[in-house]
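Asker: fold the following.
(one chain, ligands or ions: 1)
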Amino acid sequence: MDDAPKRLVIATRNAHKTEEIREMIGDRFEVVDVTAFPDLPEVEETGTSFLENATLKALAISREVEGLVLSDDSGLEVDALDGRPGVWSSSFGGEEGNHAKNNERMMREMAGQEVRTARFRCVMVLAEAGEVLAHFDGSVEGRVLDEPSGGGGFGYDPLFAPEGYEQSFSELGAEVKNGMSHRGRALAKVVAWLDEQN
Ligand code: ITT
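Answerer: Residues are numbered from 1 along each chain as shown. Modelled structure (predicted):
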C-alpha cells in the first residue's frame, strides 16, 4: 500500500497563506502552491465575491495540474467602511499585494473612527480536473486597531485584534491565529469534508 501523503495544490501565490495551510493541515497532505509550477497562467480575479474569485482560482489551476486543488479567497470587511476593502483587500493601498501600503490606507481611512468592528472572511474551493467538488467558508470577528503592532503574520494582521483580545493577530502569533482565524475555520471544514470522503 502507498502511505505517501497525497498532494494538495494550493491555488495561491501568497506564501503566507500556503504556510498557514501547511501548518494547519499537518502531515496528511504534501502542501505545495502554484509557485512550484512556473508555467501556470496568472488567474485574473474578476469576481465580485470571495466565492466567485475562489472558484475562478480553483478551476483555472485544477485544469492545469493533477489531483486536488484548494483555493483561498479572503479579505477584511470593515463596518465603518461599508464592508470595504472586502474582496479588494489585496490592492486597497493601490498596489496589488503591498501590505505596507494597504495598512497605511487602512489607518488613514480609520483615523478618528469610533466604530472599529471588522471581520476577516475566507472562502475555500476544492476542485479537481476542472470541476468544483465543494466550497467552505470561515470568518473571525474583531476590530481595527489605531496603530499596527507586532511583527508576525501578514497583510492586515498587525491592525486586527480578534474579539476577546487586546493584541493583534501579529502579536498573538501563528498558533493562536490559526486556532481561531477565518482561514483556520474554513480549513477545518475542508479537512472534515475530506475525511468524510475516505
Ligand atoms: P492569491 O490570490 O494568490 O491567493 P492574494 O494575497 O492576492 O493571493 P486574495 O486575493 O484572497 O489573495 O487577497 C487576500 C488579501 O486579504 C491579502 O492580500 C491580505 O491583504 C488580506 N488577508 C487575507 N487573509 C489575511 C490574513 O489571515 N491576515 C491578514 N490579512 C489577510
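Asker: model confidence over the lengthiest strand in the chain, on average?
Answerer: Assignment by DSSP state E gives strand 131-144 as the longest strand of the chain. Mean pLDDT, strand 131-144: 98.
Asker: other SSEs contacting it?
Answerer: Applying 3 or more Cβ pairs under 8 Å, 6 or more residues apart in numbering; DSSP states H and E, one finds that strand 131-144 contacts helix 50-62, strand 117-128, strand 160-162, helix 182-197. (Each C-beta comes from the backbone N, C-alpha and C, glycine too.)
Asker: which helices and strands sit right next to the first one?
Answerer: It stands for helix 50-62. Helix 50-62 packs on strand 68-78, strand 117-128, strand 131-144, going by 3+ Cβ pairs under 8 Å, 6+ apart.
Asker: what does the longest one give?
Answerer: Helices and strands in packing contact with helix 182-197 are listed as helix 15-25, strand 68-78, strand 117-128, strand 131-144; criterion 3+ Cβ pairs under 8 Å, 6+ apart.
Asker: now do that helix against strand 68-78, angle only.
Answerer: Following axes from the mean of the first three to the mean of the last three Cα atoms, to 10 degrees, one obtains 150 degrees for the angle between helix 182-197 and strand 68-78.
Asker: what's next to helix 182-197, contact-wise?
Answerer: Under the contact criterion Cβ atoms under 8 Å, 6 or more residues apart in numbering, helix 182-197 has outside partners 17, 20-21, 24-25, 70, 72, 74, 119-124, 126, 134, 136-140, 177-178.
Asker: buried stuff in that helix?
Answerer: 182, 183, 184, 185, 186, 187, 190, 194 (16 or more other Cβ atoms under 10 Å).
Asker: how about that helix as CSV, C-alpha atoms only?
Answerer: The C-alpha trace of helix 182-197 is given here as CSV (Å, rounded to 0.1, in the frame of the first residue of the first chain):
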residue,chain,number,x,y,z
HIS,A,182,-11.2,32.8,9.1
ARG,A,183,-8.7,30.5,7.3
GLY,A,184,-8.4,28.1,10.2
ARG,A,185,-12.2,27.8,10.4
ALA,A,186,-12.6,27.3,6.6
LEU,A,187,-9.8,24.7,6.6
ALA,A,188,-11.3,22.7,9.4
LYS,A,189,-14.4,22.3,7.2
VAL,A,190,-12.2,21.2,4.3
VAL,A,191,-10.5,18.6,6.4
ALA,A,192,-13.8,17.3,7.8
TRP,A,193,-15.2,17.0,4.2
LEU,A,194,-12.1,15.2,3.0
ASP,A,195,-12.3,12.8,6.0
GLU,A,196,-15.9,12.0,5.1
GLN,A,197,-14.9,11.0,1.6
